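[1] Turn this into a structure:
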Amino acid sequence: MKLPIRQSRLHIRKTRPKYIVIHQTTCQYPAPDAKIDSPKFQVPALIGNVLEKKQADINYHFIIDKIKDDYQIITCKPFVTICEFPDISNDINDAAFHVAVMGSYDFKIPEIRLYEILAYRLLNPLLKAFHIIPTRIYLHYEVSDNKEETCPGSFFNKGKMISMIKRFIITK
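    Predicted coordinates for the structure are as follows:
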């Protein structure tokens with residue numbers, strides 16, 4: 001199934017990225033199948049939601065998902081485009097990379113391996129390449145206007161994520 005690319009819907013970023021916002025995929029695409037911890041259900045539900053909402057693409061720059069025995073980073077949107085989250089102020093939203101973890105962490109506890117792969121393969125390289133400091137990594141609920149938002153889930157532990165970032169810091 002090929003998704004159409006509609007350039008008119010891809011808004012270009014005018015500034016250098018300064019933030020990273022972590023999400024879970026069910027905050028944007030709340031299909032019940034996407035909450036089940038299995039790629040058999042999650043990926044089709046995610047793509048189905050994109051098609052139902054008639055979006056040009058998935059509204060995250062990156063998604064991390066467990067594929068077979070390990071977590072993989074999937075690039076979804078070009079770096080230079082802006083993801084659209086109406087509950088996040090434009091000051092942060094327009095200058096942020098949006099990273100989603102596949103599934104719902106309101107229902108399950110993330111594995112340590114998820115934090116390791118997220119930190120080592122994605123966050124540390126972004127921090128290094130774009131000169132972003134770790135204190136500018138936010139969870140969606142921390143920057144949302146919606147006070148009932150729990151994304152990336154009540155079981156997602158920012159402290160563990162930051163400790164993995166420090167553990168795998170890129171110095172050269």
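[2] From now on I want contacts and neighbour counts done on CA atoms only, so please keep to that.
    Fine.
[3] How far off centre is stretch 86-94?
    With C-alpha atoms, centre = their mean, to the nearest Å as the basis, stretch 86-94 stands 15 Å off its chain's centre.
[4] buried stuff in it?
    88, 92-94 (16 or more other C-alpha atoms under 10 Å).
[5] Mind checking which of those residues land in helices?
    92-93 (DSSP state H).
[6] TSV for the buried residues of stretch 86-94, including distance to residue 21 and pLDDT?
    What follows is the buried residues of stretch 86-94, written out as TSV (distance: C-alpha to C-alpha, whole Å; pLDDT from 0 to 100):
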residue	distance to residue 21	pLDDT
88	10	91
92	9	90
93	8	89
94	11	88
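[7] Could you pull out the strands in this protein for me?
    19-24, 62-67, 70-75, 96-101, 137-139 (DSSP state E).
[8] With residue 145 as the reference, name the closest of these.
    For residue 145, the closest of the strands of the chain is strand 137-139, at 12.6 Å, according to C-alpha to C-alpha.
[9] And the closest one, what does it pack against?
    strand 19-24 (3 or more C-alpha pairs under 8 Å, 6 or more residues apart in numbering; DSSP states H and E).
[10] Contact partners for residue 83?
    11, 59-61, 93-94, 98 (C-alpha atoms under 8 Å, 6 or more residues apart in numbering).
[11] Now which of those would you call buried?
    By 16+ other C-alpha under 10 Å, the contacts of residue 83 give 59-61, 93-94, 98 as buried.
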